[in-house]
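Participant: From the sequence below, what's the structure:
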Amino acid sequence: MSEFRQNPITRNWVLIAPSRGKRPDEYKTYSVMFGVPEVDPKCVFCPGNEAANVDILRVRADGRPTKGDDWEIRIIPNKFAALDHSATYRHKEFYISHSGDGEHEVIITRQHNEPVALQSIAVVELSIRTFIERIKTLYENPELAYVQIFHNHGRDAGASIIHPHYQLLATPIVPPHIHSEILGCYHYYLTHKTCVYCDIIKEELAVKDRVVYESEHFVVISAYASRSPFETWILPKRHGARFEEMSEDEIKHLSFVLKVTLGQLYTKLSDPPLNFYIHTMPARRSQNMHSAYEEKEFHWHLTIFPRITIWAGFEYATGIPVNPMPPEVTAKFLRGE
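Facilitator: Residues are numbered from 1 along each chain as shown. Alright, predicted model coming up:
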């Protein structure tokens, strides 16, 4: 039976239409990493080709910076940057514009054919710690309002280079999706006097139909209003607005939980193309539109979005995604039941 479901944060609708769907295991597309060699001499991200890019930073396996070949993570500027170091300006008459000033970085892990799902927990943890350090460093720039970190895995997820890497864009504006989520949390709090994400966690743990995995510090769920099959949320149990303010225990748990969750998708769907991204609060600055009060109500989170369906006319015309696979079914499938 078809059902419209509303995202409790943004109030956006999705249409769950199981009659249009398949069995969960039929959503296998192609294996992103099938046949990829351990090292590709032509890959500009592979060890040995460091001279092809200027370094921002190299990090060893122990977390220390290095200038040598013993790096585990490299950070470089994106050669095809969506943002640049243009003169800062703001223009508002009939149309509104803002300079595209900002930072666009690439965070590279060492192994060419090792997706995040197959990386060691130590490498995933090192990546997360690198994200935190870059966010803190970039927020020192008073012109930057938001740092967005995301991962593209596979050509259908927007990855132009197969070598595993993350991207970081630091923007002078707060992106609309972030703004919408912050306002959604704020308005929910005005009505209920609680955090909407904390209430989602309570509801999901009580019902359990959409819970994929639970650890001491995190809950993994198939989102109630999933925009596509297998949209998965990783939610911290401790209420906090900022990803970069995780405790040491939470960093270690997130490393494990992220690897396990991506590993389930890798195994169950045969390494599908996907994106994942982190939503956190914008920089703390008086000129930002979001107040300290709103920060108390926001709850950072990580979203994993397999790219196994496409939008068609209805989705583009209405803005309502059609999801042919109920999240209760995908959660059960990922749990192995």
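
Participant: Toward the C-terminus, what is the element adjacent to the helix ranked longest in the chain?
Facilitator: Identified as the longest helix of the chain according to DSSP state H is helix 248-268. Following helix 248-268 in sequence order, the next helix or strand is strand 274-279 (DSSP states H and E).

Participant: Can you tell me the strand partners of that next one and which way each runs?
Facilitator: Sheet pairing of strand 274-279 (DSSP bridges) gives strand 146-153 (antiparallel), strand 301-306 (antiparallel).

Participant: okay, those, which one's buried deepest?
Facilitator: strand 146-153 (a mean of 22; mean count of other C-beta atoms under 10 Å). C-beta here means a position set from N, CA and C on the backbone, and glycine is covered the same way.

Participant: Contacts for that strand next, please.
Facilitator: 32, 107, 115-116, 131, 134-135, 138-139, 158-159, 164-171, 173-175, 178, 273-278, 280, 282-283 (C-beta atoms under 8 Å, 6 or more residues apart in numbering).

Participant: if we can go back for a sec, against which helices or strands is the longest helix of the chain packed?
Facilitator: helix 121-138, strand 211-214, strand 218-222, strand 232-236, strand 274-279, strand 301-306, helix 327-334 (3 or more C-beta pairs under 8 Å, 6 or more residues apart in numbering; DSSP states H and E).

Participant: The shortest one pairs with which strands, and in what direction?
Facilitator: With DSSP bridges as the criterion, the sheet partners recorded for strand 211-214 are strand 218-222 (antiparallel).

Participant: In CSV, list the C-alpha atoms belonging to the strand it pairs with.
Facilitator: Extracted C-alpha coordinates of strand 218-222, given in CSV (Å, rounded to 0.1, in the frame of the first residue of the first chain):
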residue,chain,number,x,y,z
PHE,A,218,25.1,5.6,18.3
VAL,A,219,21.9,4.3,16.7
VAL,A,220,21.7,3.4,13.0
ILE,A,221,18.3,3.5,11.3
SER,A,222,16.6,3.2,8.0
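
Participant: For the closest residue to Pro175 other than its chain neighbours, give its distance to Tyr139.
Facilitator: Residue nearest to Pro175 in three dimensions, not counting chain neighbours: Tyr146, with 6.1 Å by C-beta to C-beta, 6 or more residues apart in numbering. With distances taken as C-beta to C-beta, to the nearest Å, Tyr146 is found 9 Å from Tyr139.

Participant: Find residues that contact each of the two.
Facilitator: Ala283.

Participant: quick one, which of the helices and strands packed on helix 248-268 is packed in tightest?
Facilitator: By mean count of other C-beta under 10 Å, those have strand 218-222 as the most buried, with a mean of 24.

Participant: Can you say which of the contacts of strand 146-153 are buried?
Facilitator: By neighbour count, with 16 or more other C-beta atoms under 10 Å, the contacts of strand 146-153 hold 32, 107, 115-116, 131, 134-135, 138-139, 159, 164-171, 173-174, 178, 273-278, 280, 282-283 as buried.

Participant: Of all the helices and strands packed on helix 248-268, which one is nearest Glu3?
Facilitator: helix 327-334 (11.1 Å; C-beta to C-beta).

Participant: mind listing what the spatially closest residue to Val196 that is not a sequence neighbour touches?
Facilitator: Distances taken as C-beta to C-beta, 6+ apart put Tyr188 closest to Val196, at 4.0 Å, once the chain neighbours are dropped. Contacts of Tyr188 were listed using C-beta under 8 Å, 6+ apart, and they are Pro8, Ile9, Thr194, Cys195, Val196, Asp199, Glu297.

Participant: Check which helix or strand Tyr188 maps to.
Facilitator: helix 176-192.

Participant: follow-up on the earlier one: what sits opposite the residue nearest to Pro175 in the beta ladder?
Facilitator: Beta-bridge partners of Tyr146, as defined by DSSP bridges: Thr171.

Participant: Arg60: neighbour count?
Facilitator: 14 (other C-beta atoms under 10 Å).

Participant: Give me the pLDDT value at the nearest residue to it once chain neighbours are set aside.
Facilitator: Once flanking residues are discounted, Arg60 sits nearest to Thr66: 4.8 Å by C-beta to C-beta, 6+ apart. Looking at Thr66, its pLDDT is 94.

Participant: my guess is Thr66 meets Arg58, correct?
Facilitator: Yes. The pair Thr66 / Arg58 is scored as a contact, 5.0 Å apart, by C-beta atoms under 8 Å.

Participant: Give me the more crowded residue out of those two.
Facilitator: Using other C-beta under 10 Å as the criterion, Thr66 and Arg58 rank with Arg58 on top: 20 against 15.

Participant: Report the secondary structure state of that one.
Facilitator: strand (DSSP: H, G, I helix; E, B strand; the rest coil).

Participant: ok, it to Thr130 distance?
Facilitator: Arg58 is 11 Å from Thr130, by C-beta to C-beta.

Participant: Could you pull out the residues contacting both of the two?
Facilitator: Common neighbours of Arg58 and Thr130 (C-beta under 8 Å, 6+ apart) are Ile73, Ile75.

Participant: And the most centrally placed residue in the chain, how close does it get to Phe333?
Facilitator: Of all residues in the chain, the one closest to the mean position by C-alpha atoms, centre = their mean is Tyr277, 0.9 Å from it. For Tyr277, the distance to Phe333 equals 23 Å [C-beta to C-beta].
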